[in-house]
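A.B. asks: Please find the sequence and the predicted model below.
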Amino acid sequence: QTPQYTYGISNGSNVFPLATTTSNKEQWFYIMSEFNPIVPAGQIDKIYIKRSSSSSTTATYTGFTVKMGMVPNTQTQFANNTYLTTLQTVVPSGPFSIGPGNVDDWIEIPLTTPFIYDGTSNLVVEMSQTTYSGSVNLRSVLSGTTNRRIHGGVNNPTGSLTTGPKDLGIDMETAICDTVDAPPNWGLIDSILSVCINSDFTLEVTELIPGTGGEYQFQSSSDGNNWNNVGTTNTSGSMVINNMTQDTYFRVQWLCNGVVKATSAAIEILVVEPEILSAPDVTRCGTGSVSLNATGPNGSIIQWFDNSSGGTPIYQGGTFNTPTLTNSRSYWVAAVVDGDCMSDLEEVIVTIYPDIELNLPDTFNLCTSPMVPGVLDAGAHANNPNYLWDDGSTNRYREVMQAGLYWVEVSNEFGCTDRDSIYANIRLNPNVNLGADTTICKGAELILDAGGDGVSYNWNTGTSDRYLSVSSGGTYSVIVESGNGCVVKDSITVQLSNDEVVEFDGIHVTNLAARTFKFELINPQNAEEYFWSFGDGNYSGDPSPAHTYAQSGNYIVHVDVSNICGSVYDSISTHIVSIEEKEKEGNIVIYPNPSRDKVTIENKTSQLIEEIKIFDVHGREMYKKDLKNNSNTNNITELDISFLPAGMYWIYITTENERIIEKVKVIK
């Protein structure tokens, strides 16, 4: 018979999908405004396909299946070569036979499950079979039908996209809605029970109810009791809900000619509003990884992003360990609920503060002395550092005098802290003290002593001895190294005045009478004041005093001669053998004087020399020689004085009955 609504112009022929085992599945795309007449809303009970050749035999098929579905009328062709999978099965898989027929006969296919058409959408029809005997070729529409047919194997998810849907006929159930009842359990599809806040979604009825005059009214309620219409009635059985902001109940009513015939059960759609509950900023001292933490509502998934616009997450989970960071930066985090509801992105700031880095050596050798303690240095650091040593001191440097383990902790204004320890080995510095800066008179000699603790001495004059004789102005310095490797440097500035020191060559004694002697200096220079001590408790301030001894005996006479440059204590003394003797028995002669390296002592007396000592001008003993057991007659004695620094020295010669003191000058 002739269908109620038809499409096609009988200008093509094709064996797919009924006369092949390879392209035995096809989907056809129909723009419903091209049917004649235009198909109204209603229940499709039958469809028809048209023969393109005659046949006198029956074609038999197994696995014969028909599916149908609707797409928006704004879509005019298949989007790609992928088969649509949302179609409704209207003829389930099973056997199907087509009898003999002529060219352009319509082949009637009753629908096991009628298809409800909404009257506005475009239509997709799928037909397939698995095996066949006999064959039927079908009419196809070729021109102006780009991308409106997909063909391929029944088990393939994709096929070949080409022109030409098959000629199609449709029969509709056009009963008036008053004669139709709503199916059992008819209502809203409840596949959507939650949506993201401020999102849009579509409500749809489980199936369209056939019959002319039928319409659908969607309703909403905040409590499930009081209902309000959503939009106006329609025949499509669907309604777009925009910008959901709160949990809402929905239901749908079926109206026949404006009268409510059925009201569905209500469904509640929940609004999901995910949020980040906590995502604290984090700080770190120095380069490294940082652990970021965020929490969201129960059941939410935490996603991390490296930019403020989101995009693809870089990590998923409540705790995100960043890669190594050298500078401050931000990350962004969001909570995701139900797979697609995402909260606003929240910024998490990672601040990298400059770190404190202590690098003290494990062991440090310190040379110390009571006046110069060892110093430990914690180093200079940026950003207002604070120092704390193990003894509670808060300076960069710490003085130590004892060996041991010491530690220091340094922090900066950002709270970054480092701690390190060091073991100090303590060694004693050589004791070097050249004294305060001073002034000497012309002709004076100042002996500088670098101390006896050194194993090497290095004066800035080039001298390497312990002592340095100074007779001219200047700054003199010495570097002294002790046996433990400690080195100390000291210096002194010596100024030379215009005044000259006292000088004389000795004491001349004249026997004036019994026990009376006159004492005077030999060749005195620059002498201003005199102080004589006669050895018997009597004294005189005269330049050349005469003194009478009360009784005979041995007396030592001393003289102290001074001027503005200071005093010279002459320990060259006259030893009185016998006050009654008017002449001394011979004398002792020292030559050469001055001398560089050796002096000769010639003994012209009848007494044997028992001991020889040499003293410097400060009274320090520089040399000693014992001659008591010497079998020599002591007439000639040679002394090696090359070890003495340049300067003036006193030679003490002790005989059996007296002590004779003579002055000798050493030159270099």
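C.D. replies: Right, received. Where do you want to start? Residues are numbered from 1 along each chain as shown.
A.B. asks: neighbours around the residue lying closest to W459 once chain neighbours are set aside, how many?
C.D. replies: Once flanking residues are discounted, W459 sits nearest to V478: 4.9 Å by CB to CB, 6 or more residues apart in numbering. The way it works is simple: take the backbone N, C-alpha and C, and place the C-beta from them, glycine included. Here the count is done by other CB atoms under 10 Å, and V478 has 26 residues near it.
A.B. asks: Flag every buried residue along the helix or strand hosting V478.
C.D. replies: Element membership for V478, per DSSP states H and E: strand 474-482. Residues of strand 474-482 classed as buried under the neighbour-count rule (16 or more other CB atoms under 10 Å) are Y476, S477, V478, I479, V480, E481, S482.
A.B. asks: Now for the last one: which residues touch it?
C.D. replies: In this case it means S482. L428, N429, P430, D453, G454, V455, V488 (CB atoms under 8 Å, 6 or more residues apart in numbering).
A.B. asks: Just among those, which is most surrounded?
C.D. replies: P430 (23 neighbours).
A.B. asks: Tell me if that residue really is in a helix.
C.D. replies: No - counting by DSSP: H, G, I helix; E, B strand; the rest coil, P430 is not part of a helix but coil.
A.B. asks: Distance-wise, check it relative to V372.
C.D. replies: According to CB to CB, to the nearest Å, P430 and V372 sit 11 Å apart.
A.B. asks: Quick check: neighbours shared by those two?
C.D. replies: Joint contacts of P430 and V372 (CB under 8 Å, 6+ apart) are V488.
A.B. asks: List the residues that contact the nearest residue to N526 once chain neighbours are set aside.
C.D. replies: Closest residue in space to N526, ignoring its immediate chain neighbours: E500 at 4.8 Å, by CB to CB, 6+ apart. Shown here is E500, whose contacts under the criterion CB under 8 Å, 6+ apart are C441, K442, G443, Q525, N526, C565.
A.B. asks: Buried ones among those?
C.D. replies: C441, N526, C565.
A.B. asks: From those residues, which one has the minimum pLDDT?
C.D. replies: Note: of the buried ones among the contacts of E500, the lowest pLDDT belongs to C565, at 76.
A.B. asks: my read: that one touches V501, true?
C.D. replies: Yes - counting by CB atoms under 8 Å, C565 does reach V501; the two are 4.7 Å apart.
A.B. asks: Next, show the common contact partners of these two.
C.D. replies: Joint contacts of C565 and V501 (CB under 8 Å, 6+ apart) are C441, A444, N526.
A.B. asks: Would you reformat those residues as a markdown table and include secondary structure and distance to Y539?
C.D. replies: Converted to a markdown table, the shared contacts of C565 and V501 look like this (DSSP: H, G, I helix; E, B strand; the rest coil; distance: CB to CB, whole Å):
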| residue | secondary structure | distance to Y539 |
| --- | --- | --- |
| C441 | strand | 26 |
| A444 | coil | 26 |
| N526 | coil | 22 |
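A.B. asks: Helix or strand: which one has the closest residue to P40 other than its chain neighbours?
C.D. replies: Nearest residue to P40, sequence neighbours excluded (CB to CB, 6+ apart): G119, at 5.2 Å. Under DSSP H and E, no helix or strand contains G119.
A.B. asks: mind listing what G119 touches?
C.D. replies: V39, P40, A41, G42, T235, S236.
A.B. asks: surely the fourth one meets E173?
C.D. replies: Yes - with contacts defined as CB under 8 Å, G42 counts as touching E173 at a distance of 5.9 Å.
A.B. asks: These two: which is more packed in?
C.D. replies: The neighbour count for G42 versus E173, taken as other CB under 10 Å, is higher for G42 (23 against 15).
A.B. asks: Apart from its chain neighbours, what residue comes closest to that one?
C.D. replies: The shortest distance from G42 to any non-neighbouring residue, by CB to CB, 6+ apart, is to M172 (4.5 Å).
A.B. asks: Look at the one you found and report its pLDDT.
C.D. replies: 87.
A.B. asks: Equivalent analysis for the one 10 residues further on, please.
C.D. replies: Predicted confidence (pLDDT) for A182: 88.
A.B. asks: from memory it sits against W254, does it?
C.D. replies: Yes - A182 lies in contact with W254 (CB under 8 Å); the separation is 5.6 Å.
A.B. asks: overlap in contacts of these two?
C.D. replies: Common neighbours of A182 and W254 (CB under 8 Å, 6+ apart) are I209, K261, A262.
A.B. asks: Let me know the distance separating the residue lying closest to G374 once chain neighbours are set aside from L388.
C.D. replies: Of all residues not flanking G374 in the chain, L366 sits nearest, at 3.0 Å (CB to CB, 6+ apart). Distance, L366 to L388, using CB to CB: 21 Å.
A.B. asks: these two touch, right, the residue nearest to W459 and G451?
C.D. replies: No - the pair V478 and G451 does not pass the contact test of CB under 8 Å, sitting 9.1 Å apart.
A.B. asks: what sits in contact with each of the two?
C.D. replies: Looking at what touches both V478 and G451 (by CB under 8 Å, 6+ apart), the common residues are V432.
A.B. asks: CA atoms of the helix or strand that the residue nearest to G42 is a member of as PDB?
C.D. replies: Using DSSP H and E, M172 sits in strand 168-173. Listed in PDB are the C-alpha atoms of strand 168-173, where the atom choice follows Å, rounded to 0.1, in the frame of the first residue of the first chain:
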ATOM      1  CA  LEU A 168      11.300   6.100   3.200                       C
ATOM      2  CA  GLY A 169       7.600   5.900   3.900                       C
ATOM      3  CA  ILE A 170       5.900   6.400   7.300                       C
ATOM      4  CA  ASP A 171       2.400   5.500   8.700                       C
ATOM      5  CA  MET A 172       1.300   7.400  11.800                       C
ATOM      6  CA  GLU A 173      -1.200   6.600  14.500                       C
END
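A.B. asks: C-terminal to that strand, which secondary structure element comes first?
C.D. replies: As assigned by DSSP H and E, the chain's next helix or strand after strand 168-173 is strand 194-196.
A.B. asks: Identify the residues contacting L512.
C.D. replies: K518, A546.
A.B. asks: next one: the one 10 residues further on
C.D. replies: Contacts for I522 (CB under 8 Å, 6+ apart) come out as F504, D505, G506, I507, H508.
A.B. asks: what pLDDT does it get?
C.D. replies: I522 is assigned 86 on the pLDDT scale.
A.B. asks: so how far is I98 from it?
C.D. replies: Using CB to CB, I522 is found at 165 Å from I98.
A.B. asks: what's the answer for F250, then?
C.D. replies: From F250 across to I98, the span is 46 Å (CB to CB).
A.B. asks: Which stretches in the stretch 351-500 of the chain count as strands?
C.D. replies: 363-368, 374-377, 386-389, 397-400, 404-411, 417-428, 438-442, 446-449, 454-459, 467-470, 474-482, 487-500 (DSSP state E, counting those that start in this stretch).
A.B. asks: Helix or strand next in line after the longest one, which one?
C.D. replies: Scanning the chain past strand 487-500 towards its C-terminal end, the next helix or strand to appear is strand 506-513 (assignment: DSSP H and E).
A.B. asks: Neighbouring strands - and their directions - for that next one?
C.D. replies: strand 516-522 (antiparallel) (DSSP bridges).
A.B. asks: Name the residues of the partner strand that are buried.
C.D. replies: By 16+ other CB under 10 Å, the buried positions in strand 516-522 come out as F517, F519, E520, L521.
A.B. asks: Over to stretch 10-19?
C.D. replies: Using 16+ other CB under 10 Å as the burial criterion, the residues of stretch 10-19 that qualify are G12, N14, F16, P17, L18, A19.
A.B. asks: Kindly report the same for stretch 524-544.
C.D. replies: Residues P524, N526, A527, Y530, W532, S533, F534, G535, D536, S540, P543 are the ones in stretch 524-544 that count as buried (16+ other CB under 10 Å).
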